[in-house]
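Chemist: Here is my input, please return the structure:
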Amino acid sequence: EESPPRSPFSKVSKAGNIFIAGTMNITIDKERLLHDLNAVSRIGLGDHGSVTRLVFSIKELRSRQLLIHLMTQAGLKVHIDRIGNIFGRWNGGNPKAPAVLAGSHLDTVVQGGKFDGPVGVIGALEAVRSLKENKLPLSCPLEVVCFVGEESSRFGFSTLGSSLVAGVVHIKDLANAVDAHGTKLEDILSSMGIYRDNLASLKRDPASVKAYLELHIEQGPILEAKNKRIGIVTSIAAPTRFKVVYTGQADHSGTTPMEMRKDALVAAAHLIAYIEEASSEYSQMDKGRVVGTVGAMKIEPGVINAVPGKAELSVDIRSISAGAKERVARLVMDRAQEIAHLREIAVEILPIRDETPVPLDEGLLPLIKEICEEKGVAYEVMPSGAGHDAMQMAKITRAGMIFVPSKRGISHNPMEWTDPEDICLGAQILLETIVRVANEKT
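Modeler: Below is the predicted model:
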């Protein structure tokens, strides 16, 4: 079979991809990128430089409105789906071809940092508008995407928007997703016209997507420790999340003897210690690193002079090994039951989500490596311990991720910091990756 004719301005890379010569001469506007990133970071700004934009909050909606404004200014055609995922499209040379998507999210954790998520959204916007301004001929459309609800901070449910686009959200996944004020995720979705019987309508046709690329801060210490400026991600760890609810007996703290108490909080404390022990021990067995966290807890009645009658824990077990994660999660659930039995109190385990670790597209790895090598940029090929929207998009298309370093590995914290030059370098490499993927022979 004959190969299609090639433009006289194109060449074949070592990885076998056809791309337009001269791409290296198209550079992002660093000042504009950092200006827009700072504009986003001011929305939800709090004490000590922290940023809070919980999904579906007014501040998170304001950040999405700003993005829509920036996309419109750039001349992109904006589409917003029913849940609020935003797509800014530049049609390129062939509007009917599958599109290359690039982006991330704008929601944050409580008192988080400025870079987790927005670096990927604004970096993608800058890459696409730079290509558009330079009128670079491309073989397919490009879309800048901002997914809703990547963070689990409000409902314990992560990558919500991308999960719906990928069509991997099921009814049972939403049942136990409730925020700290008792608001159910299902109720919020129904107010937006999203019901159990039409969840599937938000799924994107895989045939309409050529690839998904995501620029993100590392959120870990490896790149800085190894003095590498770019990380090329091989796979993404996944969480198993569930709630453990102990119900004992609330009593007066001064009149109830120790041997007669049904203290739910003490049971919870034993389980928390066990989660740390089991995760650490299993990681040392070289069966796949596992991390276990209790990130939130509710106590009732929650006063100093009453024995806690109820304690609810939010448990997060993660690994890039599906087997290791499943094993530790099962150990924790079994131990939760044992503690309840020994202390003669009730326990309920409520599943939130059980994800499978996701390998990213192997064909994109050599392409990004080649770009780094051509630019003389030191890189590290590495897995991601944190979850990302790319893990959901990988279920319907080729997906790749580019990391930039995080100072001291700090993230989900006001001290989260990535050097502006590293952010700009990541956006430039994203730009060049987008061009090569868009014009590669399929």
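Chemist: Let me see the ranges of the helices in the stretch 201-350 of the chain.
Modeler: In the stretch 201-350 of the chain, the segments counted as helices under DSSP state H, counting those that start in this stretch are 222-225, 264-283, 322-343.
Chemist: tell me which element Val40 is part of?
Modeler: helix 30-41 (DSSP states H and E).
Chemist: Give me the residue ranges of the stretch 151-300 of the chain where confidence is low.
Modeler: Within the stretch 151-300 of the chain, the ranges that satisfy pLDDT under 70 run 284-288.
Chemist: Test my guess that Ala306 contacts Ser253.
Modeler: Yes: using C-beta atoms under 8 Å, Ala306 is in contact with Ser253, at 5.8 Å. Yep, even glycine has a C-beta here, placed from its N, CA and C like the rest.
Chemist: And the closest residue to Ala211 other than its chain neighbours, its phi and psi?
Modeler: Distances taken as C-beta to C-beta, 6 or more residues apart in numbering put Arg398 closest to Ala211, at 4.4 Å, once the chain neighbours are dropped. Backbone torsions for Arg398, taken as degrees, to the nearest 10, come to phi -70, psi 130.
Chemist: In space, not sequence, find me the middle residue of the protein.
Modeler: In the chain, the C-alpha nearest the mean C-alpha coordinate belongs to His388, at 2.6 Å (C-alpha atoms, centre = their mean).
Chemist: thinking again about what came up before, closest one to Leu430 among the helices of the stretch 201-350 of the chain?
Modeler: With C-beta to C-beta as the criterion, Leu430 lies closest to helix 222-225 of those, at 15.9 Å.
Chemist: on contacts alone, who are the packing partners of the closest one?
Modeler: Helices and strands touching helix 222-225, by 3 or more C-beta pairs under 8 Å, 6 or more residues apart in numbering; DSSP states H and E, are strand 230-236, strand 379-384.
Chemist: how far off strand 230-236 does the last one point, in degrees?
Modeler: What it means is strand 379-384. Here the directions of strand 379-384 and strand 230-236 differ by 30 degrees (axes from the mean of the first three to the mean of the last three C-alpha atoms, to 10 degrees).
Chemist: roughly how far is strand 379-384 from the heart of the chain?
Modeler: A distance of 16 Å separates the C-alpha centroid of strand 379-384 from that of its chain, computed with C-alpha atoms, centre = their mean, to the nearest Å.
Chemist: quick one: the residue nearest to Ala211 and Leu365, what's the gap?
Modeler: 11 Å (C-beta to C-beta, to the nearest Å).
Chemist: repeat for Val332
Modeler: To Leu365, Val332 is 34 Å away according to C-beta to C-beta.
Chemist: what about the two, which has more around it?
Modeler: Val332 (23 against 16; other C-beta atoms under 10 Å).
Chemist: how many neighbours does the residue nearest to that one when sequence neighbours are not counted have?
Modeler: Beyond its immediate neighbours in the sequence, the residue positioned closest to Val332 (C-beta to C-beta, 6+ apart) is Ile275, lying 5.6 Å away. Using other C-beta under 10 Å, Ile275 is surrounded by 24 other residues.
Chemist: need the helices of the stretch 201-350 of the chain in JSON lines with distance to Val168, can you?
Modeler: JSON lines is the format used below for these (distance: least, C-beta to C-beta, whole Å):
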{"stretch": "helix 222-225", "distance to Val168": "28"}
{"stretch": "helix 264-283", "distance to Val168": "26"}
{"stretch": "helix 322-343", "distance to Val168": "15"}
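Chemist: Nearest to Ile402, out of those helices?
Modeler: Between the helices of the stretch 201-350 of the chain, helix 222-225 lies closest to Ile402; by C-beta to C-beta that is 11.2 Å.
Chemist: then the closest one to PDB, C-alphas only?
Modeler: Output of helix 222-225 as PDB, limited to C-alpha atoms (Å, rounded to 0.1, in the frame of the first residue of the first chain):
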ATOM      1  CA  ILE A 222      11.900  12.600  41.900                       C
ATOM      2  CA  LEU A 223      12.600  15.100  39.100                       C
ATOM      3  CA  GLU A 224      14.100  17.700  41.500                       C
ATOM      4  CA  ALA A 225      16.200  15.000  43.200                       C
END
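Chemist: just how off-centre is that helix within its chain?
Modeler: Per C-alpha atoms, centre = their mean, the centroid offset for helix 222-225 relative to its chain is 20 Å.
Chemist: Could you do stretch 184-191 as well?
Modeler: 21 Å.
Chemist: in stretch 349-363, what's buried?
Modeler: For stretch 349-363, burial by neighbour count (16 or more other C-beta atoms under 10 Å) applies to Ile352, Arg353, Asp354, Glu355, Pro357, Val358, Leu360, Asp361.
Chemist: State the mean pLDDT of it.
Modeler: Looking at stretch 349-363 alone, the average pLDDT works out to 93.
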